[in-house]
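J.: can't give you the sequence, but here's the structure:
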């Protein structure tokens, strides 16, 4: 029985990231199966692997985020369906305990991430250059979700370079995955994630080299060629148009026209800040957030386009408006405690732990940037990807001690 459970866990650990953006809705099925297996094992064996203080705090942070979301829903009388996405943080706890009890194969995780990144980049190029379908056509997947997850898949794959070096010319796998992950992000037009790219490059440089002098000539050549390719795709793959549109939106906003895409975000941020200042402790909840924005539109405080959205297009401001300071603390903790696990692994861990720690740090950095222009933790795909990846990386770090 142990062998069959371990084999199934390895399969799921590979499939969840590899199919995250190539097969829409698959990530929920994969993590759901891990959750059910985790409950089955806990009920059958009634054994929990010993957890240290850092692990307990991590799981408590996940539980607190879900609990605060549930409290807000009950307090303000919002629809219980609003708890669907925050509940993923509760579901991640049995998944983590399962991965601690039955350590999955490291290869399953790294190859899953690499396949997911390469698959995303290839799908993006196929849609853009062969089918000619704009990526903001959401019949496949929302372009922001696709682009952001594509980017983080590529970044995590690149962090796995020390693992792939054990294979003959294995270094090519994470390099291709990283490149295709960025390509998927650029073609998708998910411009909110692009500021994370230079941070990713810096983290990866610090992981593999002490200084620029240590970078082999072949790597420098590859980076130059990759930069030329990225610039070309940026110009002809839709990236340049998206960047130009953002600049135009900002200029129009400064001139007094607030109805553009970027302008609407500014209006929502202004509305969220206003709501928070009037309700700083618990916020106003989901339903009253919508009502409050409608009232501000009626007084011409914000543009009417803001009523087309039920969120702030910024996780930090959205949480502040709907759940107040209590919600913001819970949100920060789901970044802080995982970041603590990953930085400790980088600073004090063995070679394997350092690699997983860097992958985790890249995950945190990416999502921190994504959350500035999108409500990632109101969306099922990015939330599920985040909790699964944090759980998997943390379990790998603990099991590698």
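T.: Cool, got the structure. Bear in mind the structure is a predicted one, so any value in this text is a computation, not a measurement.

J.: Can you name the helix or strand that residue 177 falls in?
T.: Residue 177 belongs to helix 172-188 when assigned by DSSP states H and E.

J.: so what does that helix touch, helix or strand wise?
T.: Under the contact criterion of 3 or more CB pairs under 8 Å, 6 or more residues apart in numbering; DSSP states H and E, helix 172-188 touches helix 106-125, helix 143-159, helix 161-164, helix 196-208, helix 217-236. (C-beta placed from N, C-alpha, C; glycine too.)

J.: Nearest to residue 71 among the ones you listed would be which one?
T.: Closest to residue 71 of those, according to CB to CB: helix 143-159, at 27.1 Å.

J.: got the angle for that closest one vs helix 172-188?
T.: Per axes from the mean of the first three to the mean of the last three CA atoms, to 10 degrees, the angle that helix 143-159 makes with helix 172-188 is 160 degrees.

J.: ok now helix 143-159, how far from the chain's centre?
T.: 8 Å (CA atoms, centre = their mean, to the nearest Å).

J.: Just want the angle from it to helix 196-208.
T.: 10 degrees.

J.: for helix 143-159, packing partners?
T.: Against helix 143-159 (3+ CB pairs under 8 Å, 6+ apart) you get helix 106-125, helix 172-188, helix 196-208, helix 351-370, helix 380-399.

J.: one step back: of all the helices and strands packed on helix 172-188, which one is nearest residue 398?
T.: Comparing the helices and strands packed on helix 172-188 under CB to CB, the one sitting nearest is helix 106-125, at 13.2 Å.

J.: so what secondary structure elements neighbour that closest one?
T.: helix 2-18, helix 143-159, helix 161-164, helix 172-188, helix 380-399.

J.: now do 10 Å
T.: With contacts taken as 3 or more CB pairs under 10 Å, 6 or more residues apart in numbering; DSSP states H and E, helix 106-125 sits against helix 2-18, helix 143-159, helix 161-164, helix 172-188, helix 217-236, helix 351-370, helix 380-399.

J.: Residue 200 is nearest to which of those helices?
T.: Of all the helices and strands packed on helix 106-125, helix 143-159 comes closest under CB to CB, at 4.6 Å.

J.: For the protein, which helix or strand comes out least confident on mean pLDDT?
T.: helix 217-236 (a mean of 66; mean pLDDT, DSSP states H and E).

J.: about what we covered before: just the helices and strands packed on helix 172-188: most buried one?
T.: Across the helices and strands packed on helix 172-188, averaging neighbours per residue (mean count of other CB atoms under 10 Å) puts helix 143-159 on top, at a mean of 30.

J.: so for that one, what's the average pLDDT?
T.: Averaging pLDDT along helix 143-159 gives 93.

J.: Flag every buried residue along stretch 64-84.
T.: 64, 65, 66, 68, 69, 70, 72, 73, 76, 78, 82, 83 (16 or more other CB atoms under 10 Å).

J.: same check, this time on stretch 18-30
T.: So for stretch 18-30, counting by 16+ other CB under 10 Å, buried means 18, 19, 20, 21, 22, 24, 26, 27, 30.

J.: Also stretch 42-55?
T.: Here stretch 42-55 shows 49, 55 as buried, counting by 16+ other CB under 10 Å.

J.: ok, back up a step: mean pLDDT for the helices and strands packed on helix 143-159: which is lowest?
T.: Among those, helix 196-208 carries the lowest mean pLDDT (a mean of 81).

J.: can you pull out the helices in the stretch 201-350 of the chain?
T.: With helices called from DSSP state H, counting those that start in this stretch, the stretch 201-350 of the chain shows them at 217-236, 239-254, 261-278, 285-298, 315-348.

J.: JSON lines please, covering those and showing distance to residue 58.
T.: Below are the helices of the stretch 201-350 of the chain laid out as JSON lines (distance: least, CB to CB, whole Å):
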{"stretch": "helix 217-236", "distance to residue 58": "35"}
{"stretch": "helix 239-254", "distance to residue 58": "36"}
{"stretch": "helix 261-278", "distance to residue 58": "27"}
{"stretch": "helix 285-298", "distance to residue 58": "27"}
{"stretch": "helix 315-348", "distance to residue 58": "5"}
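
J.: Out of the ones you listed, which is closest to residue 188?
T.: helix 239-254 (9.1 Å).

J.: That closest one - what's its average pLDDT?
T.: 73.

J.: Would you pull up how far stretch 260-271 lies from the middle of the chain?
T.: Distance, centroid of stretch 260-271 to centroid of chain: 22 Å (CA atoms, centre = their mean).

J.: Can you work out which other helices and strands pack against whichever helix or strand residue 60 is part of?
T.: For residue 60, the host element (DSSP H and E) is helix 53-76. Here helix 53-76 touches helix 87-101, helix 285-298, helix 315-348, helix 380-399, going by 3+ CB pairs under 10 Å, 6+ apart.

J.: May I see the ones you listed arranged in CSV, with distance to residue 10 as well?
T.: What follows is those, written out as CSV (distance: least, CB to CB, whole Å):
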stretch, distance to residue 10
helix 87-101, 11
helix 285-298, 39
helix 315-348, 22
helix 380-399, 12
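
J.: what's the most buried one of those?
T.: Buried most deeply of the helices and strands packed on helix 53-76, by mean count of other CB under 10 Å, is helix 380-399, with a mean of 24.

J.: That one packs against which elements?
T.: So helix 380-399, by 3+ CB pairs under 10 Å, 6+ apart, packs with helix 2-18, helix 26-45, helix 53-76, helix 87-101, helix 106-125, helix 143-159, helix 315-348, helix 351-370.

J.: Rebuild these as CSV, extending it with distance to residue 131.
T.: As requested, the helices and strands packed on helix 380-399 are exported to CSV (distance: least, CB to CB, whole Å):
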stretch, distance to residue 131
helix 2-18, 22
helix 26-45, 21
helix 53-76, 39
helix 87-101, 32
helix 106-125, 10
helix 143-159, 15
helix 315-348, 32
helix 351-370, 26
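
J.: The helix holding residue 60 to helix 380-399, inter-axis angle?
T.: Using the same axes, to 10 degrees: helix 53-76 against helix 380-399 is 160 degrees.

J.: what's the angle between helix 53-76 and helix 315-348?
T.: Using the same axes, to 10 degrees: helix 53-76 against helix 315-348 is 170 degrees.
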